[in-house]
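**Q** Below is the structure, and that's it, no one-letter string:
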C-alpha cells in the first residue's frame, strides 16, 4: 500500500515505557488502529518504525511508531517521508504528548515549533516545522516534581481513563476532519 498519509505517534519503545505519560502518542495510534481495523504492528527496520495499515474512508493511511527513543524520533519520520515521497505539509500527521495542555485536551495545529518537547525537536530537525500535529494534553506536573521523571512515570487509573476517552471520542473526529474534511 502506498499511503496518502502517514500518522506518526511519538513515544519510547519497549515495555518499560509502554504505559508512561510520554507514550501517549503510541497509545493514541493503538486506538486509531482498533477504530479503523488496522492489522498487527510490523517492524520495518529500514523505516526505524513499527507500522500498521488502515483506511480512513477511502484514504490509505500508514500508522507508525518510531522504534528509536523519543529524542531521535525524527530519524524514523524522515525515513518514512523519504521512502514514501511524502510532502510533510499535508501527508504527515504527528501525535505527541504536551504538558502545557489540560489532561485529555487534544489540539490540532498545521505547523509550528517544537516547544520543549524533545521528540518534536527531533522531527523538526529532520523535516522542518511545516507538518501538522495533534498535541495530547497531559496536564502539568505537580509543583516541585521533575518533569522528565513525571512524563516517564505511569499515570494513575483516572488519568488513563481520561486519556482513553479523549482517544476514543475526540481523536477520530480530529483525524477524520484532517483526512477527509470537515463535512464528511
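**A** All right, it came through fine. These numbers come from a predicted model, not from an experiment.
**Q** Was I right to think residue 66 contacts residue 77?
**A** Yes. Assessed by Cβ atoms under 8 Å, residue 66 is found in contact with residue 77 at 6.7 Å. Backbone N, C-alpha and C define where each C-beta goes, glycine included.
**Q** Could you tell me which residues touch both of the two?
**A** By Cβ atoms under 8 Å, 6 or more residues apart in numbering, residue 66 and residue 77 have these common neighbours: residue 8.
**Q** So what touches the lowest-mean-pLDDT helix or strand in the chain?
**A** The weakest-scoring helix or strand in the chain, judged by mean pLDDT, DSSP states H and E, is helix 147-151 (a mean of 89). Identification of contacts with helix 147-151 by Cβ under 8 Å, 6+ apart yields 20-22, 97, 99, 138, 141-142.
**Q** Let's see that with 10 Å instead.
**A** Contacts to helix 147-151, defined as Cβ atoms under 10 Å, 6 or more residues apart in numbering, come from residues 12, 20-24, 70, 97, 99, 116-118, 138, 140-142.
**Q** And those, which is closest to residue 156?
**A** Nearest to residue 156, judged by Cβ to Cβ, of those is residue 21 at 10.7 Å.
**Q** Near the closest one, how many other residues are there?
**A** 23 (other Cβ atoms under 10 Å).
**Q** State which helix of the protein is the longest.
**A** The longest helix of the chain (DSSP state H) is helix 157-179.
**Q** Would you mind confirming that residue 111 makes contact with residue 129?
**A** Yes. Between residue 111 and residue 129 there is a contact under Cβ atoms under 10 Å: 5.4 Å.
**Q** Output the below-cut-off pLDDT ranges for this protein.
**A** Along the chain, segments meeting pLDDT under 70 span 182-184.
**Q** can you map out the strands along it?
**A** Remark: strands assigned in the chain by DSSP state E are 5-9, 42-44, 49-56, 59-66, 92-98, 106-109, 133-137.
**Q** Strand partners (parallel or antiparallel) of the fifth one?
**A** Each strand pairing with strand 92-98, determined using DSSP bridges, is listed with its direction: strand 5-9 (parallel), strand 133-137 (parallel).
**Q** Same question for the second one.
**A** In the sheet containing strand 42-44, the strands it pairs with under DSSP bridges are strand 49-56 (antiparallel).
**Q** Check which residues of the partner strand are buried.
**A** Of the residues in strand 49-56, those with enough neighbours to count as buried (16 or more other Cβ atoms under 10 Å) are 49-54, 56.
**Q** And stretch 154-161, by the same measure?
**A** Buried residues in stretch 154-161, counting neighbours by 16+ other Cβ under 10 Å, are found at residue 155.
**Q** List of residues touching that stretch?
**A** 17-21, 23-24, 27, 103-104, 138-139, 162-163.
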